[in-house]
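**Q** Predicted model follows, preceded by the sequence.
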Amino acid sequence: MKGATKYRSIASLAPLLCLLLFSSCSKSLFKVKPANELPALPATAASANVGTLTFRAAPLLTDEETQELFEANLQLAGLMPVRVEIVHNSGDVMDLRKLRFHLHDASNADWKMISAKQAISRILKANGVFLYNPNSRKTFEKEFRAYELDLKTPLAHADGKRQGLVIFQTAKKEPVASPRDLVLTIEGLAQPVSLKLN
């Protein structure tokens, strides 16, 4: 009789757990600020003019900055998002697919560039998110990926500029802790470009 009561108690909780897990199907796992509301890069952002293109970049160094955008601590996940802006100054349409971004710091450690999809997995793991509605994850992925710098679409002078995030991961996937002398190197041009970020 005791076992039957215990079974009924568990059975009565099951619908509640299902409701919690699958409610708000369209809501995101985290509240992501719309990418089109991202303010312009600060005037102090590192900049390099290479003729046809100008590159500007600024890292998101603090938890507050990433919390404001993604309601998640990316630094805890060992991630360093770098805002990159590419301005088309004049001339032919530019194919951006050959561009490669590298980040290193004062200790000369190389940070690994990762995709938005890989970054999402790191964010969920670091924030202890294991049980979730699959639709909520899809919504989060869609909103987060809207921030990723598009290197697949050619950039024309008529487009003006393009901006987005390039995400790097610490070498040992450890949390980001006050990185110094960050330098972003861009390859795939006639000459590599280096931007001192901090």
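**A** Thanks, I have it.

**Q** For the rest of this, base every contact and every neighbour count on C-alpha atoms.
**A** Noted.

**Q** I'd like to check which residues are in contact with Arg145.
**A** When contacts are counted by Cα atoms under 8 Å, 6 or more residues apart in numbering, Arg145 touches 116-117.

**Q** What score does it have for pLDDT?
**A** The confidence metric pLDDT takes the value 94 at Arg145.

**Q** which phi and psi does it have?
**A** Torsion angles at Arg145 (phi, psi; degrees, to the nearest 10) stand at phi -70, psi -20.

**Q** let's number from 375 now, not from 1
**A** Renumbered: residue one is now 375, and that last one reads Arg519.

**Q** if I look at it, how far off is Glu442?
**A** 16 Å (Cα to Cα, to the nearest Å).

**Q** and what of Lys405?
**A** As it turns out, when the distance is counted by Cα to Cα, Lys405 lies 9 Å from Glu442.

**Q** Please apply the same query to Leu415.
**A** According to Cα to Cα, Leu415 stands 15 Å off from Glu442.

**Q** what does Asn501 give?
**A** The gap separating Asn501 from Glu442 is 16 Å, by Cα to Cα.

**Q** again with Ile560
**A** When distances are taken as Cα to Cα, Ile560 and Glu442 turn out to be 27 Å apart.

**Q** which of those two has more neighbours?
**A** Ile560 (18 against 13; other Cα atoms under 10 Å).

**Q** Confirm the more buried one sits in a strand?
**A** Yes: secondary structure of Ile560 (DSSP: H, G, I helix; E, B strand; the rest coil): part of a strand.

**Q** Next, the contact list for it, please.
**A** With contacts defined as Cα under 8 Å, 6+ apart, Ile560 is in contact with 473-476, 566-568.

**Q** what's the answer for Asp533, then?
**A** Taking Cα under 8 Å, 6+ apart as the contact definition, Asp533 lies against His462.

**Q** Name the spans of this protein whose pLDDT lies under the cut-off.
**A** 375-400 (pLDDT under 70).

**Q** Spell out the residue ranges of the strands in it.
**A** When secondary structure is read from DSSP state E, the chain shows strands at 420-423, 427-433, 453-462, 474-478, 484-488, 535-543, 557-561, 567-570.

**Q** how about those in CSV, adding distance to Ser510?
**A** Output for these, formatted as CSV (distance: least, Cα to Cα, whole Å):
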stretch, distance to Ser510
strand 420-423, 36
strand 427-433, 28
strand 453-462, 22
strand 474-478, 31
strand 484-488, 22
strand 535-543, 22
strand 557-561, 33
strand 567-570, 37
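
**Q** For Asn410, find the nearest of those.
**A** With Cα to Cα, the closest approach to Asn410 among these belongs to strand 535-543: 10.3 Å.
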